[in-house]
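>>> can you look at this prediction? I've put the sequence above it.
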Amino acid sequence: MFENLSDRLGKTLKNISGRGRLTEENIKDTLREVRMALLEADVALPVIREFVGKVKEQAVGTDVSKSLTPGQVFVKIVQKELEVAMGGINESLDLKAAPPAVVMMAGLQGAGKTTSVAKLAKFLTEREKKKVLVVSADVYRPAAIKQLETLATEINVGFFPSDIKQNPIDIANAAIDHAKKNFFDVLIVDTAGRLHVDESMMDEIKALHAAITPVETLFTVDAMTGQDAANTAKAFNDALPLTGVILTKTDGDARGGAALSIRHITGKPIKFMGVGEKIEALEPFHPDRIASRILGMGDVLSLIEEVEQKVDRKKAEKLAKKVKSGKGFSLEDFRDQLVQMKSMGGMMGMMDKLPGMGNMSDKIKDQMDDKLTIRMEAIINSMTPAERERPDIIKGSRKRRIAAGSGTQIQDVNKLLKQFTQMQKMMKKMSGKGGMKKMMRSMQGMMPPGGMGGMGGGGGMFGR
């Protein structure tokens with residue numbers, strides 16, 4: 001998300017000039033560029049006006065300290081105002097209620113509401129250690145009930161059955177009763193979506209809300225609809241006392257207009273964002289971290305949290321011991337690393353959170369396409385256990401067999417083996433004295449001009 005806005009703001013903020021003090025004159029062109037960047041990102045006009053006005057107000061007359069350039073001061077102001085526009089701080093769910101705490105989900109059809117119910121249930125189960133029950137009150141789409149049941153089974157949370165012949169209020173009340181008797185901490189109620197906001201839908205959801213008085217009423221909205229997302233959220237907020245928003249499909253939205261408009265238009269915080277199709281792809285929405293990401297400064301805190309949650313520590317420790325004992329680093333270990341990386345949103349998902357990655361060239365970004373990681377995994381999967389343990393035995397006929405089995409070319413197998421050899425050398429250096437420093441030096445030498453990228457030197461892995 002925000003690729004276009006990041007690129008545009010990055011170029012704009014580099015160009016600001018002026019010495020000692022920011023004046024209306026030396027920031028005029030930059031403000032115009034910022035306004036254009038926000039317009040292109042499909043941010044709502046009232047939000048742009050207020051944002052640019054506040055940045056100007058903060059910047060004009062600000063003295064620049066000797067340790068900073070005018071550009072750095074201006075970036076700090078823009079960053080602070082981006083945070084304010086998106087709500088300032090992360091607002092978590094308020095589940096302080098006699099169990100079960102009822103969470104009601106609302107939204108239009110196709111916004112990813114039912115999937116978000118499951119993602120939220122998984123999040124609360126794993127991160128908040130809650131016992132969660134889910135129920136579908138969508139009596140118009142039997143497929144929605146079935147979908148929620150399948151997802152609940154997949155993530156191992158409680159599912160309360162419902163039927164299209166029932167009344168939504170009766171379904172919700174029966175689920176609350178079941179949750180009380182079986183000591184569930186949280187009940188998430190999925191409601192019917194529509195293709196557009198209509199009166200009968202609003203009347204139905206108002207009646208349901210009044211009957212079950214949820215502690216949280218979350219509106220699920222598709223980030224890719226830009227400022228329309230904010231307008232739809234406002235229509236729902238006028239009818240229902242929303243407590244927050246879940247912004248879905250942010251991984252497919254290069255503009256970011258919805259994230260910057262929703263808080264201003266609805267007055268309600270974005271509490272979570274969906275960052276992919278996988279059931280674990282839900283992140284708390286932190287305005288400060290998102291502002292940092294927009295300005296190309298990365299989001300290291302989120303990356304650290306992700307590593308802590310998703311990296312298998314036992315496996316990592318086992319591998320470290322193995323390498324230190326001199327037993328080496330096998331293709332089996334390499335494959336494990338690729339699988340772990342995939343669970344964290346792939347190479348690009350991780351790189352997006354590192355500072356300065358927005359300045360990578362398109363060529364380097366191409367080399368880090370996550371499809372390549374999948375291809376690398378497929379090549380290793382096509383090898384025999386002996387080949388994974390001793391790659392030096394992989395010669396002509398074996399390479400042909402591996403390429404055919406993985407649907408790749410022999411040169412792809414060669415490139416994988418080359419990259420693996422470099423990884424092996426790096427691991428060897430790491431296990432010796434002063435290992436980490438040596439490894440960092442090796443990595444530096446392997447990087448193409450422009451920073452991190454194709455680790456394979458000479459064009460990177462599977463270079464085109």
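The structure has been received and is ready for your questions. Numbers count the residues shown, from 1 in each chain.
>>> the host helix or strand of residue 83 - contacts with which helices or strands?
Secondary structure assignment for residue 83, by DSSP states H and E: helix 70-85. If contacts are counted by 3 or more Cβ pairs under 8 Å, 6 or more residues apart in numbering; DSSP states H and E, helix 70-85 sits against helix 3-14, helix 24-40, helix 45-59, helix 257-266, helix 287-294. From N, CA and C alone the C-beta is placed, and that goes for glycine too.
>>> now those helices as TSV including mean neighbour count?
Shown next, in TSV, are these (neighbours: other Cβ atoms under 10 Å):
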stretch	mean neighbour count
helix 3-14	18
helix 24-40	17
helix 45-59	17
helix 257-266	27
helix 287-294	23
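>>> which one of these lies nearest to residue 280?
When the helices and strands packed on helix 70-85 are compared by Cβ to Cβ, helix 287-294 sits nearest residue 280, at 18.2 Å.
>>> format the CA atom coordinates belonging to the closest one as PDB.
Taking Å, rounded to 0.1, in the frame of the first residue of the first chain, the C-alpha atoms of helix 287-294 are listed here in PDB:
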ATOM      1  CA  PRO A 287      -0.800   5.500  12.300                       C
ATOM      2  CA  ASP A 288       2.800   6.400  13.300                       C
ATOM      3  CA  ARG A 289       4.200   3.200  11.700                       C
ATOM      4  CA  ILE A 290       2.100   3.700   8.500                       C
ATOM      5  CA  ALA A 291       3.200   7.400   8.300                       C
ATOM      6  CA  SER A 292       6.800   6.200   8.600                       C
ATOM      7  CA  ARG A 293       6.200   3.600   5.800                       C
ATOM      8  CA  ILE A 294       4.600   6.300   3.500                       C
END
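>>> what is that helix packed up against?
Using 3+ Cβ pairs under 8 Å, 6+ apart, helix 287-294 is in contact with helix 3-14, helix 70-85.
>>> any low-confidence regions in the stretch 1-150 of the chain?
When residues are selected by pLDDT under 70, those of the stretch 1-150 of the chain lie in 1-5, 8, 10-21, 64-69.
>>> same thing but 90
For the stretch 1-150 of the chain, the stretches flagged by pLDDT under 90 are 1-49, 51-52, 54-99, 106-113, 126-128, 137-144.
>>> returning to what we had before: mind checking the helices and strands packed on helix 70-85 for the one nearest to residue 178?
Closest approach to residue 178 among the helices and strands packed on helix 70-85 is made by helix 257-266 (32.5 Å; Cβ to Cβ).
>>> which other helices and strands does the closest one contact?
helix 45-59, helix 70-85, strand 216-222, helix 227-239, strand 244-248, strand 270-274.
>>> would you mind getting the angle between that helix and strand 244-248?
160 degrees (axes from the mean of the first three to the mean of the last three Cα atoms, to 10 degrees).
>>> now what about helix 257-266, what contacts it?
1-2, 38, 41-44, 46-47, 50-51, 82, 85-87, 221-227, 229-231, 233-234, 237, 242, 245, 247, 250, 268-270, 273, 285, 290 (Cβ atoms under 8 Å, 6 or more residues apart in numbering).
>>> now, of the residues you listed, which are buried?
1-2, 38, 41-44, 47, 51, 82, 85-87, 221-227, 229-231, 233-234, 237, 242, 245, 247, 250, 268-270, 273, 285, 290 (16 or more other Cβ atoms under 10 Å).
>>> buried set for stretch 175-182?
Going by neighbour count (16+ other Cβ under 10 Å), the buried part of stretch 175-182 is 175-176, 178-179.
>>> what sits up against that stretch?
For stretch 175-182, using Cβ under 8 Å, 6+ apart, the contacting residues are 99-100, 102, 133, 135, 158, 160, 162, 184, 187, 189, 212.
>>> how far off centre is it?
Here stretch 175-182 is found 33 Å from its chain centre; the criterion is Cα atoms, centre = their mean, to the nearest Å.
>>> just the mean pLDDT for it, thanks.
Average pLDDT, stretch 175-182: 93.
>>> same question, stretch 261-278
Regarding stretch 261-278, the rounded mean pLDDT is 85.
>>> sorry, back to before: make a markdown table out of the helices and strands packed on helix 70-85 and add distance to residue 372.
Output for the helices and strands packed on helix 70-85, formatted as a markdown table (distance: least, Cβ to Cβ, whole Å):
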| stretch | distance to residue 372 |
| --- | --- |
| helix 3-14 | 19 |
| helix 24-40 | 30 |
| helix 45-59 | 38 |
| helix 257-266 | 29 |
| helix 287-294 | 23 |
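>>> these: which one's closest to residue 404?
Smallest distance to residue 404 across the helices and strands packed on helix 70-85 (Cβ to Cβ): 36.9 Å, for helix 3-14.
>>> residue 145 in helix, strand or coil?
helix (DSSP: H, G, I helix; E, B strand; the rest coil).
>>> what of the one 4 residues further on?
Residue 149 carries the three-state label helix when classified by three-state DSSP.
>>> wait, residue 222 touches residue 110, no?
Yes. Between residue 222 and residue 110 there is a contact under Cβ atoms under 8 Å: 7.2 Å.
>>> can you map out the strands along the stretch 251-400 of the chain?
Counting by DSSP state E, counting those that start in this stretch, one finds strands in the stretch 251-400 of the chain at the ranges 270-274, 282-284.
>>> which one of these is the most hemmed in?
Ranked by mean neighbour count, the strands of the stretch 251-400 of the chain are led by strand 270-274 with a mean of 25 (mean count of other Cβ atoms under 10 Å).
>>> chain center to it, what's the gap?
On Cα atoms, centre = their mean, the centre of strand 270-274 falls 9 Å from that of its chain.
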